[in-house]
Every structure is written in C-alpha cells, then in structure tokens.
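>>> got a predicted structure plus its sequence, pasted below:
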Amino acid sequence: MPSVRKVLVVDVGGTSVKILATGQKERRSFPSGPTLTPSQMVSGVKKLSRDWKYDAVSIGYPGPVLHCRPIAEPYNLGPGWVGFDFAAAFGRPVKVVNDAAMQALGSYKGSKMLFLGLGTGLGSTMIVDGIVEPMELGHLPYKKGNYEDYVGRYGLERGGKKKWRRRADDVVAQLIAALEPDDTVIGGGNVKMLDALPPHSRAGDNDNAFCGGFRLWQPPRRHVGTRATPWS
C-alpha cells in the first residue's frame, strides 16, 4: 500500500458536507441537516466529486468513532450511520475519524496539543507525540449540565454572545489547566466570536480538517533514534 495516494476528504457537519480531493484547490459542499442518512451523504459526495480522481477516502464524522466505525448515531443528522459500510458504498478504502480529531490532526505541529472545537457542540482531541486521542470532554459535568450545553450552539442561542463568551473563556481555561498541553488550538465555527484567545493558544481553521484527512493516509516522518515526528 503506497504511503501517498490521491485522497478524497469528506467533512460531515450538521449544516453541510464539505469535500476536497488531492490536487484540487476549491472545496465543494452541499447541505446536510437532521434527515441526512449515510447513503444520501455518499450519493451527494459521489455526485459532487464525479470529475475528481481519488483512490481512498477520509471521513470526518460528528460523533464517536472506534476502529474507523461510528459507534453512536449523530445528534444532528439522520439515522443509519452505525454499521454502515462506507468502503463498500464508495468502492474504495475508507478511514473514518471523529471530525474534531481530523481537524486537530490538520492543526498539529508537534509535542502535546489540545484541540477544542467550538461549534454545534464542543469537539475535543489530544495529540501527544503524533498519537491522536479523540475525547468527549464536552459531555463532562459543568454547572447544571455539561460543557457542551453551555459553550455549544444551544448555549449561544440561549444565553447570547456576551454570556457565551464568558462561559467559553471559563471552560477553555479549566480544560487547559487540567490537561496541561504544550499547545492549544481553539477551532470550530465559533472561535471567531471570542474576544481574545487564551494565553498560549492559537486559532484553528475549519479547512485544517482537509489537511487532517490527507494526513490520515500519510505516515509521520521519522528520524533515526527518535519517535515519530509531525507530518509535513
């Protein structure tokens, strides 16, 4: 199996499905929504990418993933994702990862990095020495609910921007203090709404998800006598 190949990256979100392939410069997208099934997603991706050539697929999935398979249905899409055979549907090798993990991988520069995605929910991933560990920090208890209830889309709509910013600052500070990363990336669609980033952190970019999807099929660079180093 070659280490570098033409890859189609599919970033599945609650409002849209975005795609980009190796060698292409412009991403494409189509609406998703609460009724989108995996077969509809595959059909939409195939139609949108019919003039692109690719021999492997990376999928960023908005939910927990184990061994390249979704293990829980998404909150903001239609049913049928658990147990769906993506490789058979695409007719190509497929790697499925949590969407926050894919964006984190695309943002990674080395050492111990914490990724927090402020969007529909709270995405979270740790990467330590090139090892990716998706996490579900958004479901940990916080105030009268969990972190996601307060810094996700529901918390923003319920409390307004000013209160949401205060809570986001508090949640990010708590998680950084607890996990002690060397580098923190704040990503997701709502990072732009923060007044300022926490100390020693940097803003992510949703397009980093595509970089992460390409990296899934590339081994980390190695140097003699050292551990795996970040992807280039």
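In hand now; what should we look at? Residues are numbered from 1 along each chain as shown.
>>> what is the mean pLDDT for stretch 48-56?
Mean pLDDT, computed over stretch 48-56, is 97.
>>> so which bits of it are buried?
Using 16 or more other Cβ atoms under 10 Å as the test for burial, stretch 48-56 gives Leu48, Ser49, Tyr54, Ala56. Every residue, glycine included, has its C-beta placed from N, CA and C.
>>> also stretch 182-195?
Neighbour counts over stretch 182-195 (16+ other Cβ under 10 Å) mark Asp183, Thr184, Val185, Ile186, Gly187, Gly188, Asn190, Val191, Leu194 as buried.
>>> show me what contacts the last one?
Residues in contact with Leu194 (Cβ atoms under 8 Å, 6 or more residues apart in numbering) are Leu118, Arg165, Ala168, Asp169, Ile186.
>>> pLDDT score for it?
At Leu194, the pLDDT value in this model is 91.
>>> thinking again about what came up before, please produce TSV containing the contacts of Leu194, extended by pLDDT and distance to Gly44.
Output for these, formatted as TSV (pLDDT from 0 to 100; distance: Cβ to Cβ, whole Å):
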residue	pLDDT	distance to Gly44
Leu118	93	26
Arg165	94	35
Ala168	94	32
Asp169	92	37
Ile186	96	30
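>>> of the residues you listed, which belong to strands?
Residues of the contacts of Leu194 located in strands (DSSP state E): Leu118, Ile186.
>>> most widely separated two among the contacts of Leu194?
With distances taken as Cβ to Cβ, the most widely separated pair in these is Arg165 and Ile186, at 12.3 Å.
>>> name the nearest of the buried residues of stretch 182-195 relative to Glu136.
When those are compared against Glu136 (criterion: Cβ to Cβ), the nearest one is Gly188, at 15.2 Å.
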